[in-house]
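[1] sharing a model prediction with you, sequence too.
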Amino acid sequence: MYETYADIINTLNDNLHLRSIKNFSKKDEKYVYFDEKKLLNLSSNNYLGLADNRRVTEEFMKFIGGKYSFGSASARLLTGSLPIYKDLERLIAEMYKKESVLIYNSGYHANVGISSAIALKGDVIFSDKLNHASIIDGMQLSKGKFFRYPHNDVENLEKLLIRERKKFNNAIIITESVFSMDGDIADLKTIIELKKKYNCILVVDEAHAFGVFGEKGLGVSEQLNIISDVDLIVGTFGKAIGSIGAFVAGSKTMIDFLINKSRSFIFSTAIAPINIAYTKWIIENKLPNTVLKRRKMIELGKKFGSKSHIIPIVFGDNQKTVEMCQILYENGYFTLPIRPPTVPEGTSRIRLSLTTEIDERDLENLCNIIGYSKNL
């Protein structure tokens, strides 16, 4: 009865593509503990060291007391909303100087819900080829047509716009700011020029930049002073902020449209009120104190050949990548092999994900083990 599924699992296993869930005995802001082994965690998105931070958790619980529950038990459009949700949305809107904000349950919910909703019949999306799977899934669910331009290739994007834009009603350009598997940064200033020239809507996913880039931690858009030129800015709370959920900031018209048409928002039980309160508290009380630590983290990434705090070390071959992760594990490092379909065929890699708790000395021995040179 399940032969086809079993065949697929066996094929994945034979090609070293099989995924499995790992169970850690405990985690903190810098290490994970697995099979009774303490490992430097280089595979987390806990960029500011806020998740699994007992001191931060205790401080918040003392502050909040028993004010909020651990479950909403309803979608936002039913009975699953309280003033704290609007308070957080208002706070983020003020930070970005946008008219409105909508909270989603995760970055995946946000991207799939936005992409699937805003591209109507007769519309088109132009998407960077290395955009996250959630954006791709959303485009496939939309009623519009979509084109994927070569990664960070603004010349090819313009060629597509010249060839295709006039055939459609609304045109949407979607890109990440910091790309999750490569650590490089989109040419947002040029993309904004193209957006204006060809009358497009621009969506920027700041998932890996929110809480990291910019003086206030608003992302690459803040750092480049282009927030007003981006129509929809997407960010997550589950990475640098160490919480759960995501948001999209934009005009009242666009947010009202998403409230009414974004299925991943409409049909999801709302995040627990205590998590919403925690996110707001972190943004107000912890994020402002991380400026210097964030700058240092980004500079460390640049020292090791990246444009950001995400350092890809590409081996190409699946077997070599898996074997190197095992060697690093034996030497006290927790890394994971990133393989297709997460990355293109032939580009299997180890993705080093820095946090503000990691310093240069933590990486020196790792580089010696794998024969990796800084400043590539």
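    Nice, thanks for sending it over. Numbers count the residues shown, from 1 in each chain.
[2] hang on, residue 275 packs against residue 243?
    Yes - if you go by Cβ atoms under 8 Å, residue 275 and residue 243 touch, sitting 6.0 Å apart. No exception for glycine: its C-beta is placed from N, CA and C like everyone else's.
[3] which helix or which strand is home to residue 291?
    Assigned by DSSP states H and E, residue 291 falls within helix 291-303.
[4] neighbouring contacts of that helix?
    47-48, 183, 211-213, 215, 217, 307-311, 354-356, 358-360, 363, 374-375 (Cβ atoms under 8 Å, 6 or more residues apart in numbering).
[5] check stretch 44-60 too.
    27-30, 32, 208, 211-212, 238-243, 278, 281-282, 286-287, 290, 293-294, 297, 309, 353-357.
[6] for that stretch, measure first residue to last.
    Terminal residues of stretch 44-60 are spaced 22 Å apart (Cα to Cα, to the nearest Å).
[7] buried stuff in it?
    Buried residues in stretch 44-60, counted by 16 or more other Cβ atoms under 10 Å: 44, 45, 46, 47, 48, 49, 50, 51, 52, 53, 56, 60.
[8] now do stretch 6-26
    So for stretch 6-26, counting by 16+ other Cβ under 10 Å, buried means residue 16.
[9] centre of the chain to it, how far?
    On the basis of Cα atoms, centre = their mean, to the nearest Å, stretch 6-26 sits 23 Å off its chain's mean C-alpha point.
[10] what about residue 136, which helix or strand?
    Taking DSSP H and E as the criterion, residue 136 maps to helix 133-141.
[11] check contacts around residue 352.
    By Cβ under 8 Å, 6+ apart, the residues touching residue 352 are 42, 304, 310, 311, 312, 313, 335, 363, 366.
[12] from residue 112, how far off is the third one?
    Looking back up the chat, that one is residue 310. As judged by Cβ to Cβ, to the nearest Å, residue 310 and residue 112 stand 22 Å apart.
[13] if we can go back for a sec, need the buried residues of stretch 44-60 in TSV (columns: secondary structure).
    Shown next, in TSV, are the buried residues of stretch 44-60 (DSSP: H, G, I helix; E, B strand; the rest coil):
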residue	secondary structure
44	coil
45	coil
46	coil
47	coil
48	coil
49	coil
50	coil
51	coil
52	coil
53	coil
56	helix
60	helix
